[in-house]
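**Student:** Quick one, fold the following:
(chains A and B)
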Amino acid sequence: MHIMEGYLPAIWCIVWFAVSIPVVAYGVYKLNKLVKEERGILPVLAVAGAFIFVLSSLKMPSVTGSCSHPTGTGIGAIIFGPAITAVLSTIVLIYQALFLAHGGLTTLGANVFSMGIVGPIVSYLIYKAGMKGKLNFYLVVFLAATIGDWATYIVTSTELALAFPAGGILSFGGFFSSFSKFVAIFAITQVPLAIVEGAVSALLFKYIIQAKSDLLVEMKVIGEPLVRKLRGLPA
Amino acid sequence: MSRKLELIVLAILLIFVAQFIYVSSTTNAEYGGADDKPADVIEQITGGTYTPIAHPIWEPPSGEIESLLFALQAAIGASIIGYFLGYYRAKNNYEKKLGFKTGSKTEKQSL
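**Tutor:** Coordinates of the predicted model:
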């Protein structure tokens, strides 16, 4: 999902920075507030950030014969919401742009928007909907992480198609023709990877609940009765 | 404790590995990075008229260095996750055994 350095025209670089900067700024504000109110969240925040670090470094082989990587943003989105996850993703994306020539500084805004903002928003909404629908908890985490990952790659394809519509700028059909080409690269490759990401996210969530469920209850991520049920404790 | 979720995740991982073994042994797939592929599509769409507006400030000098930095990224993340999960697992264990919450008044008095 990393759009390579230089591969977006300047105008689109500016557009995506303009969209992403306010969200990341709001995330920094929210993060500061949260840490001040409750220092106990730092370890969980570190785990959510570290998960993004690990997963986005793993380039995995897919059925299409090419490699891509998961995003790992699902857990952060579920626990801390999309804005704070945008901050965590930005840190990872800057590391990769500076030291790995992966993604880039000019395309940072666009990459933050896909991986750090839209993906987590989708994960967050699916989690909330799934919890309301009273589905199996780990299934909800799985769906949130998996579909959030897909959303990220669909946004990347959209960003590229907007910048490079076939047949010139402002060609509506051209957008779709380009979009289908970029989606063909990303989305199909990403299908199996997103499923693996969802499964691993659900597993890590189980361990986070075992380790520090009191905090998740306090942050209203999950209700106390459900925690007791998931940990196999008497109600 | 139920290990059902672990088994499901393991099964998904095994299917994923099987997929890789199957595809890699039946095709000549190159397993290049999907992130690099849009460059070709962009060239095709624009008829080769697009030139990147910027280049990376620094690129890893070789594939080895690149994999070193990726491994480092994963290692940093994995150590943090392992540290905290282990820390709280032990903490919860000892609290259960000793019968009080660490960090509570009783503990501070005993120090």
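
**Student:** quick one: average pLDDT of stretch A:228-235?
**Tutor:** What stretch A:228-235 shows for mean pLDDT is 83.

**Student:** Let me know whether it sits next to chain B.
**Tutor:** Yes - against chain B, stretch A:228-235 shows contacts by CB under 8 Å from any CB of the partner chain at A:G232. (Glycine included, C-beta is placed from N, CA and C.)

**Student:** And stretch A:201-219, by the same measure?
**Tutor:** Yes - using CB under 8 Å from any CB, we find that stretch A:201-219 touches chain B at A:202-204, A:206-208, A:210-212.

**Student:** distance of B:T46 from chain A?
**Tutor:** 6 Å (CB to the nearest CB, to the nearest Å).

**Student:** That residue and A:A163 touch, don't they?
**Tutor:** No - counting by CB atoms under 8 Å, B:T46 stays clear of A:A163, with 10.0 Å between them.

**Student:** More neighbours: which of the two?
**Tutor:** The neighbour count for B:T46 versus A:A163, taken as other CB atoms under 10 Å in any protein chain shown, is higher for A:A163 (23 against 13).

**Student:** just to revisit the earlier point, drop anything exposed from the residues of stretch A:201-219 next to chain B.
**Tutor:** A:202-204, A:206, A:208, A:210-212 (16 or more other CB atoms under 10 Å in any protein chain shown).

**Student:** In helices, which of those residues fall?
**Tutor:** A:202-204, A:206, A:208, A:210-212 (DSSP state H).

**Student:** Adding pLDDT and distance to B:I81 as columns, could you present those residues in JSON lines?
**Tutor:** JSON lines is the format used below for those (pLDDT from 0 to 100; distance: CB to CB, whole Å):
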{"residue": "A:A202", "pLDDT": "97", "distance to B:I81": "15"}
{"residue": "A:L203", "pLDDT": "97", "distance to B:I81": "11"}
{"residue": "A:L204", "pLDDT": "96", "distance to B:I81": "7"}
{"residue": "A:K206", "pLDDT": "95", "distance to B:I81": "13"}
{"residue": "A:I208", "pLDDT": "95", "distance to B:I81": "9"}
{"residue": "A:Q210", "pLDDT": "91", "distance to B:I81": "13"}
{"residue": "A:A211", "pLDDT": "91", "distance to B:I81": "10"}
{"residue": "A:K212", "pLDDT": "88", "distance to B:I81": "13"}
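
**Student:** is it possible to export these to CSV including distance to A:V196?
**Tutor:** Formatted as CSV, those follow (distance: CB to CB, whole Å):
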residue, distance to A:V196
A:A202, 11
A:L203, 11
A:L204, 13
A:K206, 16
A:I208, 19
A:Q210, 22
A:A211, 23
A:K212, 25
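
**Student:** between these, which is closest to chain B?
**Tutor:** Chain B lies nearest to A:A211 out of these, by CB to the nearest CB, at 3.5 Å.

**Student:** Closest to A:F53 out of the residues of stretch A:201-219 next to chain B?
**Tutor:** Of all the residues of stretch A:201-219 next to chain B, the one sitting nearest A:F53 is A:L204; the distance, using CB to CB, is 12.8 Å.

**Student:** What's the separation between the closest one and B:G86?
**Tutor:** 14 Å (CB to CB, to the nearest Å).

**Student:** give me phi/psi at B:K96?
**Tutor:** phi -60, psi -40 (degrees, to the nearest 10).

**Student:** Report the distance from the helix or strand A:D214 falls within to the chain centre.
**Tutor:** Using DSSP states H and E, the element containing A:D214 is helix A:172-218. Put simply, helix A:172-218 sits 7 Å off its chain's centre (CA atoms, centre = their mean, to the nearest Å).

**Student:** who does it touch, helix- and strand-wise?
**Tutor:** Packing partners of helix A:172-218 (3 or more CB pairs under 8 Å, 6 or more residues apart in numbering or on different chains; DSSP states H and E): helix A:42-55, strand A:66-68, helix A:74-80, helix A:137-163, helix A:224-230, helix B:4-26, helix B:38-46, helix B:63-98.

**Student:** on that earlier part again, okay, among the buried ones among the residues of stretch A:201-219 next to chain B, which ones form the most distant pair?
**Tutor:** Checking those with CB to CB, the most distant pair is A:A202 and A:K212, at 16.8 Å.

**Student:** Look up how far A:E5 lies from the residue most central in space within chain A.
**Tutor:** Ranked by distance to the mean C-alpha position of chain A (CA atoms, centre = their mean), the top residue is A:T73 at 3.5 Å. Distance, A:T73 to A:E5, using CB to CB: 22 Å.

**Student:** pLDDT weak spots in chain A?
**Tutor:** Applying pLDDT under 70 to chain A picks out residues A:168-171, A:235.

**Student:** actually chain B, not the one I wrote
**Tutor:** Residue ranges of chain B with pLDDT under 70: B:1, B:101-111.

**Student:** Mind doing that once more with 90?
**Tutor:** Counting by pLDDT under 90, chain B shows low-confidence ranges at B:1-2, B:27-30, B:32-37, B:40, B:44-49, B:57, B:92, B:95-111.

**Student:** could you redo the helices and strands packed on helix A:172-218 as JSON lines and give each row distance to A:A97?
**Tutor:** Formatted as JSON lines, those follow (distance: least, CB to CB, whole Å):
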{"stretch": "helix A:42-55", "distance to A:A97": "14"}
{"stretch": "strand A:66-68", "distance to A:A97": "17"}
{"stretch": "helix A:74-80", "distance to A:A97": "19"}
{"stretch": "helix A:137-163", "distance to A:A97": "15"}
{"stretch": "helix A:224-230", "distance to A:A97": "38"}
{"stretch": "helix B:4-26", "distance to A:A97": "28"}
{"stretch": "helix B:38-46", "distance to A:A97": "16"}
{"stretch": "helix B:63-98", "distance to A:A97": "12"}
